[in-house]
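1. how would this look folded up:
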Amino acid sequence: MTGDCTLFVACVLLMKFSRVGRNIRAVTSHPELSNITGIHSDTIILQAFAIGSALVAVAGILIAFDTDMTPSMKGLQLSMLSQVVALRRNGP
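-> Sure, this is the predicted structure:
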């Protein structure tokens, strides 16, 4: 629980007081104007996507700890096998 709250406070501080947060807010409110002022919107969108992906990864880890997921679970093995098959079919 404390990890969740710490992560939430860190995200709020990042969005309010850092340059990255300011640029994300600028791009979301006025993309064309932010491009004119020199903010590269493609880079900022990529950074926002990376931050969101990291938060989802942490949430997935916390949920796995809460539900006692283990690699030996039958549903998890089937899910991992189907992902490997999909990667092999679509891979090089």
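
2. now do the residue minimising distance to the centre of the chain against residue 38, distance only.
-> Geometric centre of the chain, nearest residue: residue 53, 1.4 Å, by CA atoms, centre = their mean. Separation of residue 53 from residue 38 (CB to CB, to the nearest Å): 26 Å. To be clear about C-beta, it is placed using only N, CA and C from the backbone, and glycine gets the same treatment.

3. output the contacting helices and strands for the helix or strand containing residue 65.
-> Here residue 65 sits within helix 41-66, counting by DSSP states H and E. With contacts taken as 3 or more CB pairs under 8 Å, 6 or more residues apart in numbering; DSSP states H and E, helix 41-66 sits against helix 2-17, helix 19-29, helix 31-36.

4. buried residues in that helix, which are they?
-> Residues of helix 41-66 classed as buried: 41, 44, 47, 48, 51 (neighbour count, 16 or more other CB atoms under 10 Å).

5. please apply the same query to stretch 9-26.
-> For stretch 9-26, burial by neighbour count (16+ other CB under 10 Å) applies to 21, 23, 24, 26.
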